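>>> Mind folding the following:
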Amino acid sequence: MHQYDEVDLKILSLLQADGSATHKEIAFKLHKSVATIHERTRRLKEEGYIRRFVAILDPKKISKGLIAFTHVLLNAHTSATLTAFEREVIKFPEVMECFQMTGNFDFLLRIATNDMDEYQYFYRTKLANLPNITTVQSFFVLAEIKSDTAYPI
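Okay, here's the model as predicted:
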């Protein structure tokens, strides 16, 4: 894998701020050729520095304004149990993120629904039906104070 340099970091920083920036726009800002930016961006993608490009939507405008952070504790911690939970929970479109955690709970989920009724339906018909769950504890977002997708580099 190629070691990144200062130009690569600047490209990554610009793309984190605006993933729709063109190679031409980035080249202008960095005083480089379009071909150089194109090649470096391609390499950064191939090497996995850039996972994907996405549009970040306003959840309220698409009727997904209720955000819950949900802790899940399983009753067993075998590889098979953990893998089975992971395989099933990622199938639910309401689950935006799933992290395996240390501490008192095994997983932390970020769940997006329209309202409490939709969350309850999700909980009762999907999450609660997964095997080996001992405890589910949800915390609901009252206000989003900071939400950033860019890593400091």
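>>> only C-alpha atoms for contact and neighbour calcs from this point on.
Noted.
>>> Just say helix, strand or coil for the residue most central in space within the chain.
When C-alpha atoms, centre = their mean is applied to the chain, the residue found nearest the centroid is Glu97 (5.3 Å). Under DSSP: H, G, I helix; E, B strand; the rest coil, Glu97 falls in the strand class.
>>> I figured it hits Ile111, correct?
Yes. Applying C-alpha atoms under 8 Å, one finds Glu97 in contact with Ile111, separated by 7.3 Å.
>>> ok, Asp106 to Ile133 distance?
Per C-alpha to C-alpha, to the nearest Å, Asp106 is found 10 Å from Ile133.
>>> what touches both of the two?
Residues touching both Asp106 and Ile133 (C-alpha atoms under 8 Å, 6 or more residues apart in numbering): Val72, Leu73, Leu74.
>>> just curious, which of the residues you listed is nearest to Leu30?
Ranked by distance to Leu30 (C-alpha to C-alpha), the shared contacts of Asp106 and Ile133 are led by Val72 at 45.5 Å.
>>> What degree of burial does that closest one show, as a neighbour count?
When counting by other C-alpha atoms under 10 Å, one arrives at 21 neighbours for Val72.
>>> Just the element for it, please.
With secondary structure defined by DSSP states H and E, Val72 is part of strand 66-74.
>>> mind listing what that strand pairs with, with the direction of each?
Here strand 66-74 is paired, per DSSP bridges, with strand 107-113 (antiparallel), strand 133-140 (antiparallel).
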